[in-house]
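Colleague: turn this into a model:
(one chain, ligands or ions: 2)
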Amino acid sequence: MFVDQIKIQVKAGKGGDGMVAFRREKYVPNGGPAGGDGGHGGSIILKVNKGLRTLMDFRYHRIFKAKAGQNGMIKGKYGRAAENLYIDVPEGTTVTDADTGEVLGDLTEANQELIVAHGGRGGRGNIHFASPKNPAPEIAENGEPGEERNLNLELKVLADVGLVGFPSVGKSTLLSTVTSAKPKIAEYHFTTLVPNLGMVQLDDGRDFVMADLPGLIEGASQGIGLGIQFLRHVERTRVILHLIDMSGVEERDPYEDFLKINDELKKYDPDLLKRPQIIVGSKMDMPDAAENLAKFKARIEQDYGPLAQAPQVMAISSITHEGLQDLMQATADLLDKTPHFETKAEKEMAANRSEYRFDDDENTPAFTISRDPDATWVLSGDKLEKLFKMTNLDHDESLLRFTRQLRGMGVDDALRERGAKDGDLVRIDDFVFEFYA
Ligand SMILES: Nc1nc2c(ncn2[C@@H]2O[C@H](COP(=O)(O)OP(=O)(O)OP(=O)(O)O)[C@@H](O)[C@H]2O)c(=O)[nH]1
Ligand SMILES: [Mg+2]
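Modeller: Ligands and ions are numbered 1, 2, ... in the order given. Have a look, this model is predicted:
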C-alpha cells in the first residue's frame with residue numbers, strides 16, 4: 001500500500017550543561033572560575049532525497065531523536081556540539097505541525113533542507129559569571145532543552161499531467177500505452193487506488209511526467225469514493241487531461257460526466273478549473289463512440305459558444321492507438337506555456353508567512369500562575385520552565401540567580417498580587433520552594 005501521509009515525532013538534542021569549576025594552580029589558593037560551556041544540541045533537519053518515491057520508510061520508524069551536546073569541562077573547555085540528525089524525505093513532501101496545523105514547509109527541490117526542531121543552546125559555564133563583585137561564582141547554566149514536535153508529512157505526487165475522470169474511463173490504460181508504467185487495469189470501478197507515474201517521451205526530445213489518478217465520482221470533494229485523498233494529487237499537476245468514456249457502455253451521458261467532474265474539482269479548489277484542461281474522448285474504437293463524440297461536441301459548442309472559447313476536445317483509443325500521438329503533442333505544447341501553480345499549502349504559507357520561529361517572544365506569555373488542591377502555588381509556562389531547566393540546582397548561587405530572574409520577569413509581584421504570603425509553597429514542575437519576596 002502506498003503511504004502518502006504519516007505522522008512522526010522529532011526531538012532535538014538538549015544543549016550540554018555548563019560547568020562550575022575552578023583553576024587549581026600551585027601556590028594560588030583560589031584560581032578563578034574555569035568551568036566551560038556545554039556544546040549545542042543536535043537539530044533535526046528534513047532533507048530531500050531524490051531517490052525516495054514514498055513515505056514508506058517511515059512506517060516502522062516514526063520517532064527521531066538528535067543527540068545532546070557534550071557538557072562543559074574543567075579548564076574552560078567547551079563541550080562538543082552534537083551532530084544534526086538528517087531525515088531523508090521524498091521530493092514533494094509537505095510538512096505541517098501536527099498539533100497546531102501550521103504549515104512549516106514544502107520540500108520540492110533536490111537536497112532542500114528544513115530545520116524542524118532546533119537543538120538546545122549549550123549552558124554557560126561559570127567562567128561567564130565572574131564579575132569584580134563575584135570573582136568566584138558558583139553559577140552555571142544547564143543546557144537549553146531541544147525542541148520537540150509532532151509532524152505530519154504529506155506527499156503529493158509530482159506529475160506534470162494528471163489523468164482525471166470517472167472510474168473505468170481508461171486512464172490507466174492510456175498511461176500504460178504512452179509510458180512504460182504498468183498500472184493495474186480492470187473492468188471494475190476504482191481499480192486504481194493510488195496514482196501511478198510514467199514518463200512520456202516525445203520524438204522531438206520533450207518529456208513530461210503523467211499520473212493516472214484514482215477515479216472520481218460525484219461528492220468526491222466531500223470525501224465520497226476516494227475523495228479528498230485523490231484530489232490532493234491533482235493539485236500539483238500543471239495540465240489536466242479530462243477523460244470521458246465515449247463508448248456509452250456504462251449508460252451515462254458523456255456531457256453530464258464532464259460537468260460533474262469539473263464541479264468536484266471546483267468544490268475542492270476553484271483554482272483547479274483555471275488549470276489548462278484537454279477533454280479527451282476515450283474508447284473511440286467502440287461502435288457508438290463516434291456518434292457520442294459528435295453529440296458531445298455539439299453540447300460544448302452550445303454551452304461555450306463558437307470554437308475559440310471552447311475547451312479543446314480530442315479523441316483517442318488506447319487499443320487502436322488512434323489519436324495518441326496528437327494528444328501527446330498537444331499536451332506537451334500546453335505544458336510549454338503553462339506556469340507552475342501554487343498549491344493550497346503554498347498559498348497558506350504565503351498568507352500567514354509562517355516562517356518557522358524558535359522563540360515566539362511576542363505571543364507566548366512568560367508564565368502563568370495556578371494553584372494545587374493543597375494551596376501550593378504553581379508556576380508554569382514554556383519560557384519559565386525553560387529557564388528552570390537551564391538552572392543548575394546543585395549550586396545555591398545558581399539557584400539565587402534563578403530567583404533573581406523570576407523577579408525580573410515579574411513573578412514575585414504577580415504572586416503577591418494573587419495573595420501569596422511569605423512562607424507559602426511554590427512549585428515549578430516537581431521542584432518546590434518557599435516564597436519570600
Ligand atoms: N474498447 C476499449 N476499452 C478500453 C480502452 N481503454 C480502456 N479500456 C477498458 O476499460 C476498462 C477500464 O480501464 P482502466 O484503464 O482500468 O480505467 P481507469 O480509468 O484507470 O479506471 P479506475 O482506475 O477504476 O478509475 C478496462 O477493461 C480497459 O480494458 C479503449 O481505448 N478501448
Ligand atoms: Mg485506473
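
Colleague: helix/strand/coil for the residue most central in space within the chain?
Modeller: The centre of the chain sits closest to V95, judged by Cα atoms, centre = their mean, with a distance of 0.4 Å. Classification of V95 by DSSP: H, G, I helix; E, B strand; the rest coil places it in strand.

Colleague: give me the phi and psi for the residue nearest to it when sequence neighbours are not counted.
Modeller: For V95, ignoring the flanking residues on the chain, the nearest one in space by Cβ to Cβ, 6 or more residues apart in numbering is L104 at 4.6 Å. Backbone N, C-alpha and C define where each C-beta goes, glycine included. L104 adopts backbone torsions of phi -90, psi -30, taken as degrees, to the nearest 10.

Colleague: one more: D88?
Modeller: Here is the backbone geometry of D88 (degrees, to the nearest 10): phi -80, psi 130.

Colleague: burial measure for the nearest residue in space to it that is not next to it in sequence, as a count.
Modeller: Of all residues not flanking D88 in the chain, N49 sits nearest, at 3.9 Å (Cβ to Cβ, 6+ apart). By other Cβ atoms under 10 Å, 17 other residues sit near N49.

Colleague: hmm, N49 is touching I87, no?
Modeller: No - between N49 and I87 there is no contact under Cβ atoms under 8 Å: 9.5 Å.

Colleague: just to check, the residue nearest to the centre of the chain is in contact with V103?
Modeller: Yes - with contact defined as Cβ under 8 Å, V95 reaches V103; the gap is 7.4 Å.

Colleague: find residues that contact each of the two.
Modeller: Both V95 and V103 lack any common contact, where contact means Cβ atoms under 8 Å, 6 or more residues apart in numbering.

Colleague: burial measure for P254, as a count.
Modeller: Neighbour tally, P254, other Cβ under 10 Å: 23.

Colleague: cool, and L55?
Modeller: Here the count is done by other Cβ under 10 Å, and L55 has 19 residues near it.

Colleague: related to what we said a few turns ago, beta partners of the residue nearest to the centre of the chain?
Modeller: Note on V95: beta-bridge partners G105, L153, judged by DSSP bridges.

Colleague: what sits against it?
Modeller: By Cβ under 8 Å, 6+ apart, the contact set of V95 is L46, V103, L104, G105, D106, L107, L114, V116, L151, N152, L153, E154.

Colleague: the helices in the stretch 251-400 of the chain, which residues?
Modeller: Assigned by DSSP state H, counting those that start in this stretch, the helices in the stretch 251-400 of the chain fall at 254-268, 289-304, 324-336, 344-352, 382-389, 396-409.

Colleague: between those helices, which gets nearest to V194?
Modeller: Taking Cβ to Cβ, helix 254-268 is the member of the helices of the stretch 251-400 of the chain nearest to V194, at 17.9 Å.

Colleague: indicate whether the closest one makes contact with ligand 1.
Modeller: No - on the criterion Cβ under 6 Å from any ligand atom, helix 254-268 is out of touch with ligand 1, staying 11.7 Å away.

Colleague: what angle do that helix and helix 289-304 make?
Modeller: Interaxial angle of helix 254-268 relative to helix 289-304 (axes from the mean of the first three to the mean of the last three Cα atoms, to 10 degrees): 50 degrees.

Colleague: what residues of helix 254-268 count as buried?
Modeller: For helix 254-268, a neighbour-count test (16 or more other Cβ atoms under 10 Å) marks P254, Y255, D257, F258, K260, I261, N262, E264, L265, Y268 as buried.

Colleague: and these as TSV, adding distance to E417 and pLDDT?
Modeller: Formatted as TSV, the buried residues of helix 254-268 follow (distance: Cβ to Cβ, whole Å; pLDDT from 0 to 100):
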residue	distance to E417	pLDDT
P254	74	95
Y255	72	95
D257	69	94
F258	68	94
K260	64	92
I261	63	91
N262	62	91
E264	58	85
L265	58	86
Y268	52	80
